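Trainee: Need coordinates for the below:
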Amino acid sequence: VIAFEPMTDNVSLMRHSLCLNPGLDAKLTLHTTALTDAGTASSGCSIAAPVDNVGNGILRCGSAMRNTQAGSNLGEGSAVLMAHLDTSIPQGTSVDLVKIDVEGHELPVVRGGSNFFAGREGHTAPRYVVSEFAPSMMRQQGHSPQEFLLFFFDRGYTVHYCSQLKAAPSGKRREFGADEPAALPGAYQAAGSQRADVRISRGGVEAFVKDLGEGAT
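Mentor: As a prediction, this is how the structure comes out:
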């Protein structure tokens with residue numbers, strides 16, 4: 001497991017867990033950095049957590065950092081070290097599954113791994129990606145939900161979305177095509193859903209479900 005966690009308190013909790021479970025220590029590589037792309041990192045970033053959920057770090061970069069409302073429930077922000085997936089994942093490393101949940105910062109994270117997800121420059125592209133997809137949060141960060149989805153289409157992935165709410169009109173899982181990303185965020189809003197998971201794979205959703213040991217729904 002290769003993990004990225006920039007919040008000091010969360011890092012301390014993870015290291016405490018490793019001390020309590022020494023057999024896991026050799027199985028985890030922990031990077032105390034946040035992931036982004038080169039353009040976003042150059043604008044400066046800080047991380048803060050809501051006062052009622054102190055473990056849930058929200059990264060703010062550039063204009064998003066400057067435009068954070070004074071009346072928001074975010075605590076005081078602190079500067080963080082930034083890194084890119086392309087330089088943080090050793091070339092040739094076989095990664096089966098990538099999990100992304102970064103409160104609207106997903107697009108810079110994947111853009112920082114352009115070669116990694118495309119299998120270029122010595123990288124082996126991961127077979128599966130599970131990511132939170134919250135269009136409103138992405139826009140608050142100044143990022144395009146459509147561009148995030150098209151990033152994976154352009155690299156040969158199939159994208160499905162899965163929601164515990166009401167966003168998937170034809171069931172819990174639904175594949176959508178390259179012509180749909182522009183309409184999908186609006187469909188989420190119309191359905192009353194703020195966020196859901198997208199499941200992204202090179203082998204299609206059937207292979208994804210089989211490999212994860214899930215039952216089809």
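
Trainee: Could you point out the helix or strand that follows the strand or helix carrying S136?
Mentor: Using DSSP states H and E, S136 sits in helix 135-140. The helix or strand immediately downstream of helix 135-140 is helix 145-153, counting by DSSP H and E.

Trainee: Could you list the alpha-carbon positions for that following helix in PDB?
Mentor: Output of helix 145-153 as PDB, limited to C-alpha atoms (Å, rounded to 0.1, in the frame of the first residue of the first chain):
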ATOM      1  CA  PRO A 145     -15.900  17.900 -13.200                       C
ATOM      2  CA  GLN A 146     -16.100  17.200 -17.000                       C
ATOM      3  CA  GLU A 147     -12.400  17.500 -17.400                       C
ATOM      4  CA  PHE A 148     -11.800  15.000 -14.600                       C
ATOM      5  CA  LEU A 149     -14.000  12.400 -16.400                       C
ATOM      6  CA  LEU A 150     -12.500  13.100 -19.800                       C
ATOM      7  CA  PHE A 151      -9.000  12.600 -18.300                       C
ATOM      8  CA  PHE A 152      -9.800   8.900 -18.000                       C
ATOM      9  CA  PHE A 153     -11.600   8.500 -21.300                       C
END
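
Trainee: Show the secondary-structure elements that it is packed against.
Mentor: If you count contacts as 3 or more Cβ pairs under 8 Å, 6 or more residues apart in numbering; DSSP states H and E, helix 145-153 packs onto helix 106-111, strand 128-133, helix 135-140, strand 158-162, helix 184-190. (Glycine included, C-beta is placed from N, CA and C.)

Trainee: For R199, which of the ones you listed is the nearest?
Mentor: Proximity to R199 (Cβ to Cβ) singles out strand 158-162 among the helices and strands packed on helix 145-153, at 4.7 Å.

Trainee: same question for that closest one, mean pLDDT?
Mentor: For strand 158-162, the mean per-residue pLDDT is 75.

Trainee: How about residues contacting the one helix or strand V11 maps to?
Mentor: Here V11 sits within helix 8-20, counting by DSSP H and E. Helix 8-20 is contacted by residues A3, E5, L24, D25, L28, L30, T32, V54, G55, G57 when judged by Cβ atoms under 8 Å, 6 or more residues apart in numbering.

Trainee: Pick the one among these closest to P126.
Mentor: For the contacts of helix 8-20, the closest approach to P126 (Cβ to Cβ) belongs to A3, at 14.8 Å.

Trainee: On the three-state scheme, that closest one is what?
Mentor: Under DSSP: H, G, I helix; E, B strand; the rest coil, A3 falls in the strand class.

Trainee: How many neighbouring residues does it have?
Mentor: The number of residues packed near A3 is 12, by other Cβ atoms under 10 Å.

Trainee: got it, and M82?
Mentor: Using other Cβ under 10 Å, M82 is surrounded by 21 other residues.

Trainee: check contacts around it.
Mentor: If a contact means Cβ under 8 Å, 6+ apart, then M82 has T33, A34, L35, T36, A41, C45 as its contacts.
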